[in-house]
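**Q** sequence first, predicted coordinates after that:
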Amino acid sequence: MSTISNDKYEAVIGLEVHAQLLTKTKAFAAVSPAYGGAPNTQVTPLCLGHPGTLPVLNENLVRYTVKMGLATNCKIAEKSIFARKNYFYPDLPKGYQISQYETPICYDGEIEIELDEYTKRIGITRIHMEEDAGKSIHDQDPYHTLVDLNRAGTPLIEIVSEPDLRTPQEAYAYLKKIRQIVQYLEVCDGNMEEGSLRCDANVSIRKRGDKTLGTRTELKNMNSFRNVERALTYEIERQIELVESGGEVVQKTLLWDPAKLVTRQMRSKEEAHDYRYFPEPDLPPVIVSDKLREEIRSELPELPNVRLERFVNELGLNRDEATILTENRNLADYFEESLSKLDEPKAIANVMLTEVLRVLNDQSITIEEFTITKDQLAGLISLKLEDKINSSAMQTIFNEMLSSDEAPEKLAEKMNLIQVSDSGFVEPIIDEVIKANPDEVARYKEGKTALIGFFIGQVMKKSQGKANPKQVREIISSKLESS
């Protein structure tokens, strides 16, 4: 598809994000919702839609949803009710999904997203509780569709944004912020590839300056941040091209094809009345008292934006450093726990942003799987700050610590990497280097002071890297100036 300038048009995007909650049991049944079990092994008669079975509300479904609502500045409804969302699909054995419709538990919130050039507040229309459906499997049998109901009844929250997003890049930033918040709250692991965080998008275009919303399409099957951005870019360009050629956008649901990088029609877009919502008769209203709301508020961790500002204002990190370190709660925790061992925020941040992140990326692991302890990291940085090792030795010891639980000082001694700051050791070597290089000494005295690096290099070579470069520089300068 050719890229069309959208100076004439702007996109209007709203995202619906489903987050699978990290509860120990399903939304209304006492069975594990954990990912990865053999098909149809994590089910109860309720999950299978057997007649006469009754749902029982998981309290943590409520607590986790309220926690997310508070973290996104939502109002919390004192009373909300569940509803039945009716539709027929093979992986929905009851013939309906328990959700919320007219009375979401959280509403009227907002979050702030950051892009390179600006920040922007994005409204949250509602956050409501619901259960997941099962999963249809189309690729294991050439003649039949198979159904796995392990996922049926898994607790979800749906986070619905206002149509405040205008570009695929804003949508990408918003989705990353939602994932960051659910991970900080520890209510969802945020894994899009496993489906524990899923995103649908409503997209329309309108001429710049218009206030009326255009006809929207819904995009599904976007299982990564990059695919969300790509699918939105494609769909916006498709709609602009269609309108510019005299056509009209038709309301429908589209699937993103990540292999071909195109959308294809799934079905015409449903409206709310298509689902015949009515109140769930088997569950009582959910009451969130002031006391419960404030109890849940007291359990909130320091949120990422607050932590970022503290890292900048109190620890002296620059905004880029603080942004990377606070992107993941466990990474920020590792940083702060290292800081409790050694009060050197800039030095620890520097090693984490270079060496630690390099290892995490190279090995495709998380900070929880990283083998160097906070004590080891703090000890290594301390050796460097005390001039007991140089930068090269620090790198060597760091790499050794990846597979060793020994203290860095012991490793430095064992590997003969401790710098010698004893002038009685260093001075004879310096004298030897100066004596052996009279031409360079003469040029240095003529003003070629950059030759100090040559002399330091020679001394470091003869001392087998044991000399302290800082001390070597001072002694060489003094001897050359006075000779």
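**A** Received, thanks.
**Q** find the centremost residue of this protein, please.
**A** Residue closest to the mean C-alpha point of the chain, counted by C-alpha atoms, centre = their mean, is Gln180 at 4.8 Å.
**Q** pLDDT wise, what is the closest residue to it other than its chain neighbours at?
**A** Once flanking residues are discounted, Gln180 sits nearest to Pro304: 5.3 Å by C-beta to C-beta, 6 or more residues apart in numbering. Bear in mind the C-beta positions are built from the backbone N, C-alpha and C, glycine included. Pro304 carries a pLDDT value of 96.
**Q** same check on the one 3 residues further on?
**A** According to the model's per-residue confidence, Arg307 sits at a pLDDT of 97.
**Q** is it in a helix, a strand, or coil?
**A** Three-state assignment for Arg307 (DSSP: H, G, I helix; E, B strand; the rest coil): helix.
**Q** quick check: it touching Thr323?
**A** No - here Arg307 lies out of contact with Thr323, judged by C-beta atoms under 8 Å, at a distance of 10.5 Å.
**Q** who's more crowded, the two?
**A** Arg307 (19 against 15; other C-beta atoms under 10 Å).
**Q** for the more buried one, give its distance to Leu377.
**A** 20 Å (C-beta to C-beta, to the nearest Å).
**Q** the helix or strand where Leu255 lies: how far from the chain's middle?
**A** Using DSSP states H and E, Leu255 sits in strand 252-257. Per C-alpha atoms, centre = their mean, to the nearest Å, the displacement of strand 252-257 from the mean C-alpha position of its chain is 26 Å.
**Q** beyond that strand, next helix or strand please.
**A** Downstream of strand 252-257, the first helix or strand assigned by DSSP H and E is strand 262-268.
**Q** what residues of that following strand count as buried?
**A** 262-263 (16 or more other C-beta atoms under 10 Å).
**Q** Ile240 - how many residues pack around it?
**A** By the measure other C-beta under 10 Å, the count of residues near Ile240 is 19.
**Q** so it makes contact with Val203?
**A** No - using C-beta under 8 Å as the test, Ile240 is too far from Val203 to be in contact (11.1 Å).
**Q** how about low-confidence regions in the stretch 351-483 of the chain?
**A** 420-423, 483 (pLDDT under 70).
**Q** give the contact list for Gly69.
**A** By C-beta atoms under 8 Å, 6 or more residues apart in numbering, the contact set of Gly69 is 75-76, 105-106, 109, 127.
**Q** Asn60: which of those residues is nearest?
**A** Among those, Ile105 lies closest to Asn60 (C-beta to C-beta), at 13.4 Å.
**Q** Ala201 sits in which helix or strand?
**A** Here Ala201 is assigned to strand 197-207, by DSSP H and E.
**Q** skipping adjacent residues, who's closest to Ser477 in space?
**A** Ile452 (6.7 Å).
**Q** from Glu440, how far off is the one you found?
**A** Distance from Ile452 to Glu440, counting by C-beta to C-beta: 10 Å.
**Q** Gly457 too?
**A** 11 Å.
**Q** which of the two has more neighbours?
**A** Comparing Gly457 with Glu440 by other C-beta under 10 Å, the one with more neighbours is Glu440, at 17 against 13.
**Q** A strand includes the more buried one, no?
**A** No - under the criterion used here (three-state DSSP), Glu440 is helix, not part of a strand.
**Q** and it, what does it touch?
**A** By C-beta under 8 Å, 6+ apart, Glu440 lies in contact with 451, 454-455.
**Q** let's go with 7 Å and repeat that
**A** 451, 454 (C-beta atoms under 7 Å, 6 or more residues apart in numbering).
**Q** and the residue nearest to Gln183 when sequence neighbours are not counted, how many neighbours?
**A** The spatially closest residue to Gln183, leaving aside those adjacent along the chain, is Gly190, at 4.9 Å (C-beta to C-beta, 6+ apart). Applying other C-beta under 10 Å, we find 20 residues neighbouring Gly190.
**Q** ok, the one 3 residues further on next?
**A** The number of residues packed around Glu193, counting by other C-beta under 10 Å, is 8.
**Q** ok, the closest residue to it other than its chain neighbours to Met192 distance?
**A** The shortest distance from Glu193 to any non-neighbouring residue, by C-beta to C-beta, 6+ apart, is to Asn223 (6.2 Å). Here the criterion is C-beta to C-beta. By it, Asn223 lies 5 Å from Met192.
**Q** strands of the stretch 201-350 of the chain, start to end?
**A** Ranges of strands within the stretch 201-350 of the chain are 217-222, 252-257, 262-268, 278-279, 286-287, based on DSSP state E, counting those that start in this stretch.
**Q** and the helices in the stretch 151-300 of the chain?
**A** For the stretch 151-300 of the chain, the helices defined by DSSP state H, counting those that start in this stretch occupy 168-185, 225-244, 290-298.
**Q** where does the protein dip in pLDDT?
**A** Ranges of the chain meeting pLDDT under 70: 1-6, 267-273, 420-423, 483.
**Q** domain map for it?
**A** According to automatic domain parsing, the chain comprises the domains 9-292, 302-414, 423-482.
**Q** show me what contacts Leu46?
**A** 28-29, 53, 55, 153.
**Q** let's go with 6 Å and repeat that
**A** Neighbour list for Leu46: 29, 53 [criterion: C-beta atoms under 6 Å, 6 or more residues apart in numbering].
**Q** sec struct for it, please.
**A** coil.
**Q** would you list the phi and psi of it?
**A** Leu46 adopts backbone torsions of phi -60, psi -50, taken as degrees, to the nearest 10.
**Q** if we can go back for a sec, adding distance to Leu22, write the helices of the stretch 151-300 of the chain out as CSV.
**A** Formatted as CSV, the helices of the stretch 151-300 of the chain follow (distance: least, C-beta to C-beta, whole Å):
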stretch, distance to Leu22
helix 168-185, 9
helix 225-244, 20
helix 290-298, 16
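**Q** with respect to burial, which of these scores highest?
**A** helix 168-185 (a mean of 21; mean count of other C-beta atoms under 10 Å).
**Q** what sits up against it?
**A** By C-beta under 6 Å, 6+ apart, helix 168-185 touches 13, 17, 19, 67, 71, 111, 113, 115, 122, 165, 188, 190, 197, 199, 225, 228-229, 232-233, 301, 304, 329.
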